[in-house]
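Student: heads up, no residue letters with this:
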């Protein structure tokens with residue numbers, strides 16, 4: 001693979017639609033703690049670390065404790081209800097078909113991220129959790145990722161901090177305009193467009209911003 005030998009992917013709302021499972025986990029957390037949590041609002045903010053959301057509903061001195069409770073509830077309530085995003089498996093397969101490695105770099109607690117991928121049969125070569133925004137650059141550099149694919153402006157920042165090409169998919173809380181304004185090099189509608197973009201990138205050594213990618217970005 002002449003270009004992008006390692007491609008990084010975000011998890012939530014990039015490879016998986018974890019909204020049903022996350023909503024169920026917040027609902028269970030609310031029932032266990034007797035605290036009101038607007039689970040629908042919470043799933044509209046997926047991306048940043050869990051603690052940022054927990055801080056909205058619990059006092060600062062309980063954030064670490066409640067975050068641990070949430071992570072403990074997660075395997076039972078979140079895994080089976082979550083779905084693969086359209087094109088997720090095919091995107092990973094495209095990287096492998098091109099002779100590359102596909103890694104997942106996510107803010108999610110790593111053991112829970114691995115449970116999602118195993119349940120959905122998404123075959124990543126490595127999974128690195130608990131990294132958000134610029135901190136994702138640590139793993140991207142360590143694994144030599146030339147491309148990072150994500151749905152959030154935080155993912156764009158992580159790619160840029162790592163010196164990787166930022167490929168954004170408009171499938172999460174940030175729309176195409178926000179992703180482009182944040183500095184994404186390529187904006188795709190979703191991962192179903194990724195294999196064709198990757199083929200062009202590998203063949204031409206270009207950023208793939210022309211043609212299908214540009215059309216998706218302006219949609």
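Tutor: Happy to help now that I have it. Quick caveat, the model's predicted, so the values are computed rather than measured.
Student: Going by C-alpha atoms from here, please, whenever you check contacts or count neighbours.
Tutor: Fine.
Student: Residue 127 is in contact with residue 110, correct?
Tutor: Yes: under the criterion of CA atoms under 8 Å, residue 110 makes contact with residue 127 at 7.0 Å.
Student: which of the two has more neighbours?
Tutor: Using other CA atoms under 10 Å, the more surrounded residue of residue 110 and residue 127 is residue 127, with 20 against 17.
Student: A helix includes that one, no?
Tutor: No: with DSSP: H, G, I helix; E, B strand; the rest coil as the criterion, residue 127 is located in strand rather than a helix.
Student: Tell me who's in contact with it.
Tutor: Counting by CA atoms under 8 Å, 6 or more residues apart in numbering, residue 127 makes contact with 103-106, 110, 113-114.
Student: how does it look with 10 Å?
Tutor: Residues counted as contacts of residue 127 (CA atoms under 10 Å, 6 or more residues apart in numbering) are 8-11, 102-106, 110-111, 113-114, 117, 139.
Student: rewinding a little: okay, and the common contacts of residue 110 and residue 127?
Tutor: By CA under 10 Å, 6+ apart, residue 110 and residue 127 have these common neighbours: residue 104.
Student: Just the pLDDT for the residue of the chain positioned farthest from its centre.
Tutor: No residue in the chain sits farther from the centre than residue 34, which is 30.3 Å out by CA atoms, centre = their mean. Predicted confidence (pLDDT) at residue 34: the value is 98.
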